[in-house]
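**Q** following is a predicted model, sequence given first.
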Amino acid sequence: MNVLDFAHAFFSDGAHWHGYDGIPQRLLEHVRYTLLALALAALIGLPVGLLTGHTGRGGNALAFIANAARALPSFGLLVLVVLLIGFGLLPVMIPLVVLAVPPILVTTYEAVRSVDPSPVDAARGMGMHESRILLQVELPVALPLILSGLRSAAIQIVSTATIAAYVSLGGLGRYIIDGLYQRDYEKVVGGATLVAVLALLTLAVFWAAGRFAVSPGVRRR
Amino acid sequence: MNGFFDIPSDLQHSWSGLIGLHLREGLLPVAAGLLLALPLAQLCVRFRWLYPPVLGVTTVLYAVPSLAFFVVLIDYTGQTELTVMIPLAVYSLVVLIPAIVDGVRSVPEETLAAATAMGFGPVRRYLQVQLPIAAPAIVAGLRVATVSSISLVSVGALIGNQGALGNLLAAAQKYDRPELAVNSVLTTAVLAILCDAALVLLRILLTPWMPRGTGDRREPAVRRARPEPEGATR
Amino acid sequence: MTSTAQSSRSRTRHTGAAAVALTAVTALLAGCSSGDTSDNPLAGEKAGAGTVVVGSNNFAESTLLADIYGEALRAKGIKVTYKHNIGSRETTYGLMKNGSITVLPEYNGSLLAYLDPEAEQKSADAVNAAVKAKLDKELTLLESSPAENKDSVSVNTETAKKYGLTSSSTLADLKDVAPEMVIGGSPEFQTRRQGLEGLKSVYGLEFKSFKALDAGGPLTQEALTRNTVQAADIFTTDPTIVKEKFVVLKDPENLFGFANVTPLVHKDGLSRKGVDALNAVSAELDTQTLLDLDAQVQLEKKDPLDVAKAWLKSAGLA
């Protein structure tokens, strides 16, 4: 048996396709954890990144916070939070959001900072309000890079959300943890394959989002 | 026996022993990754067509959660440190290849031409011109790989006490002693920050011509914002 | 860029580098892309002659028992190393077979259910005989201790009140209400005979869903206390049963069989002296002692090794 045989055996077993432990349900749970964590992280990272990027202040503080957050081990944080507050969705969201905020924050800051200053000055000269400059001049130009920060955060969340299963939540990690304890390689390989596919789908979604959202003028640069 | 530093006997290491183990399990893979990434990246620079497929393969590998990697490897390398270190080396490779390729590619044509005109052979040119100029980008990649690797070692706790400081997490759960988990998280984070700082120092030493400080401020904006090589804790 | 001569020279160099790099990567990936699972790559891991490797599963009592048996061997001058916290039986049995572990504290009936899910469990002696018949030829069971720690399906007080379950209720009484209940247990409980499989085939119980927790550890206790699950696999020696007033359901069909603490050993790895030392420990250990020792580890948070040493000393075994 090699990895491909295991994967094939996993996906061709009808029992893996329905019920509370079926692939659709686990996939849905995984996507739900991912979207929720990404939304929370974006809610923190985007406004702070945009504002600091626009004013150009606090860059060093941001770098410091981002480095510190990156140093925190997600798995450790998860176990710790579960021991302290018990299990549920919140203890899983905390490590995932801590994981996802630094890439969003730093990339957004850098993206806004790196916008060519001349159109910004021109807009200011035309009497545009600072908030309009940020949203209508800087944001569209910075968008490709901001999206790349979101993308990198999303990919990290997709693969890290598997550890939620260690503290008895669902998601695709369920197959990997259960497979470890049941010594069932089909489940481990099947689960890992699903996570990898979901990560690639995430890449595709962000690629498509880039095509739609980024103004053609910026894209051609 | 419920103090912060009372390590349960079944971990068979003192706190400092766990730290040493953690550093070895976390840093050796990055070193191995760097040794592999340098020639691979050079190939990708040389043969441009090679870069997209290499990037594709490494991205897929990177998306495989570490735990799944560990479990599948147990059959081949047993419940040993090696089982933890192999996937970490692969993840380091994934972060380092693009960092090195971009770094080496950023060396201006004129600089290369000047080196050639001065009679530098390809090897000497690579070692004395391309690598030093690419050093900041390579170190940036190393920083991400190192911090992520140190964080990922902990997951090894799930395959039978192979996670160094991460074993404290399993013990914290088994014996319901949260203070061990606090110890694990804080110690791991401090180790990561110290190693990160050491690499920043290394970059300053390697590139005396660059301004000090952590950011590579003078680089073109697009490249500056790119280096967010993903480092995850799966 | 470079002259043609130089470029072709560098190309050969790069081809060489390519070969090296590709070989290295292939070697790295070979581990996860091919090979037969029956290969034995762990051969090099076997401990040196004369050293006994004592292993344990991933729950507190297993660590404690491994410490007790291991320290008893040490007291007889035998060299011992530990491999603690490995995982579930599904993993440790494989490591026993290939000789990575010499001694593992096991539970006779639970081991039989793993080796032969359909086997009936009538008496402790019959169980041991059946296990020995099924064991890999390099492995054997030593004498069983009277100390017993079974899996059990236990419910929390809320569930007990709701469905009128008392300490004299049996698993069969769950038949009608199981579809309303979420049951929890270690991930391996889901596929084991002494788990969901047996509960369904023996008692006809089909639960609403299964929640994977840990092997009778804090997650399980918390899930049951907080009513995240209404029933869970709890070890009968678990001190929290009394503390949290969980109701252990009776098992008239003997699904969970016998679970006497019994060392599983690799025949080559243990001398006569070692076997005698382990049998002496098993003879001294009874269920009440095990309950006391578990409480010292799990409630008083003493270190299992200290608890093991102190008990061996008081029992005159070390």
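**A** Now that the structure is in, tell me what you want to look at.
**Q** confidence score at the nearest residue to B:Ser154 once chain neighbours are set aside?
**A** Computed as Cβ to Cβ, 6 or more residues apart in numbering or on different chains, the closest residue to B:Ser154 that is not its neighbour in sequence is B:Gly166, at 2.8 Å. In this view, the C-beta of every residue, glycine as well, is placed from N, C-alpha and C. pLDDT, B:Gly166: 94.
**Q** B:Gly166 contacts B:Ala157, correct?
**A** Yes. With contact defined as Cβ atoms under 8 Å, B:Gly166 counts as touching B:Ala157 (3.8 Å).
**Q** mind listing the shared neighbours of those two?
**A** A:Phe75 (Cβ atoms under 8 Å, 6 or more residues apart in numbering or on different chains).
**Q** neighbours of residue 101, how many?
**A** Here I'm looking at chain A. 25 (other Cβ atoms under 10 Å in any protein chain shown).
**Q** that answer is for a different chain, and I need it for chain B
**A** B:Val101: 25 neighbours (other Cβ under 10 Å).
**Q** what's the answer for A:Trp17, then?
**A** Other residues close to A:Trp17 by other Cβ under 10 Å number 12.
**Q** so what's it up against?
**A** When contacts are counted by Cβ under 8 Å, 6+ apart, A:Trp17 touches A:23-24.
**Q** what about the longest helix in the chain?
**A** You didn't pick a chain, so chain A it is. Across chain A, the longest stretch assigned as helix under DSSP state H is helix A:23-55.
**Q** nope, chain B
**A** helix B:15-46.
**Q** hmm, that one touching chain A?
**A** No. Counting by Cβ under 8 Å from any Cβ of the partner chain, no contacts exist between helix B:15-46 and chain A, the nearest distance being 10.3 Å.
**Q** so what does that helix touch, helix or strand wise?
**A** helix B:51-63, helix B:81-105, helix B:131-153, helix B:178-206, helix C:4-33 (3 or more Cβ pairs under 8 Å, 6 or more residues apart in numbering or on different chains; DSSP states H and E).
**Q** CA-only coordinates of the next helix or strand after the longest one in PDB, if you can.
**A** So that's helix C:4-33. Using DSSP states H and E, the helix or strand that follows helix C:4-33 towards the C-terminus is strand C:51-55. C-alpha atoms of strand C:51-55 as PDB (Å, rounded to 0.1, in the frame of the first residue of the first chain):
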ATOM      1  CA  THR C  51      18.100  -3.100  28.600                       C
ATOM      2  CA  VAL C  52      14.400  -3.500  29.200                       C
ATOM      3  CA  VAL C  53      12.200  -0.800  27.400                       C
ATOM      4  CA  VAL C  54       9.000  -0.200  29.400                       C
ATOM      5  CA  GLY C  55       6.300   1.600  27.400                       C
END
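**Q** now what about strand C:51-55, what contacts it?
**A** Applying Cβ under 8 Å, 6+ apart, the set of residues contacting strand C:51-55 is C:47, C:66, C:69-70, C:73, C:78-84, C:86, C:92, C:95-96, C:100-104, C:269-270, C:274.
**Q** got the phi and psi for C:Thr236?
**A** Backbone torsions of C:Thr236, given as degrees, to the nearest 10, read phi -70, psi -20.
**Q** show me what contacts the closest residue to it other than its chain neighbours?
**A** Nearest residue to C:Thr236, sequence neighbours excluded (Cβ to Cβ, 6+ apart): C:Lys150, at 4.7 Å. C:Lys150 makes contact with C:107, C:109-110, C:235-236, C:251, C:256-259, according to Cβ under 8 Å, 6+ apart.
**Q** top of these by neighbour count?
**A** Result: C:Tyr107 is most packed of the contacts of C:Lys150 (other Cβ under 10 Å), 32 neighbours.
**Q** check what pLDDT that one gets.
**A** So C:Tyr107 comes in at 95 (pLDDT).
**Q** go on, C:Glu90?
**A** 88.
**Q** also C:Leu219?
**A** 88.
**Q** so what touches the lowest-mean-pLDDT helix or strand in chain A?
**A** The helix or strand of chain A with the lowest confidence, counting by mean pLDDT, DSSP states H and E, is helix A:216-219 at a mean of 76. With contact meaning Cβ under 8 Å, 6+ apart, helix A:216-219 is reached by A:140-141, A:143-144, A:210.
**Q** among those, who's most crowded?
**A** A:Val141 leads the contacts of helix A:216-219 on contacts (other Cβ under 10 Å) with 20 neighbours.
**Q** quick check: C:Val261 is in a helix.
**A** No. Assigned with DSSP: H, G, I helix; E, B strand; the rest coil, C:Val261 falls outside any helix and is strand.
**Q** partner residues bridging it?
**A** Beta bridges link C:Val261 to C:Tyr107, judged by DSSP bridges.
**Q** ok, now which ones touch it?
**A** By Cβ under 8 Å, 6+ apart, the residues touching C:Val261 are C:65, C:105-107, C:144-145, C:147-149, C:282, C:285, C:290.
**Q** secondary structure and distance to B:Pro29 added to those residues, as a markdown table?
**A** Converted to a markdown table, those look like this (DSSP: H, G, I helix; E, B strand; the rest coil; distance: Cβ to Cβ, whole Å):
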| residue | secondary structure | distance to B:Pro29 |
| --- | --- | --- |
| C:Leu65 | helix | 35 |
| C:Pro105 | strand | 34 |
| C:Glu106 | strand | 35 |
| C:Tyr107 | strand | 38 |
| C:Ser144 | coil | 44 |
| C:Ser145 | coil | 43 |
| C:Ala147 | coil | 43 |
| C:Glu148 | strand | 45 |
| C:Asn149 | coil | 40 |
| C:Ser282 | helix | 43 |
| C:Leu285 | coil | 43 |
| C:Leu290 | helix | 42 |
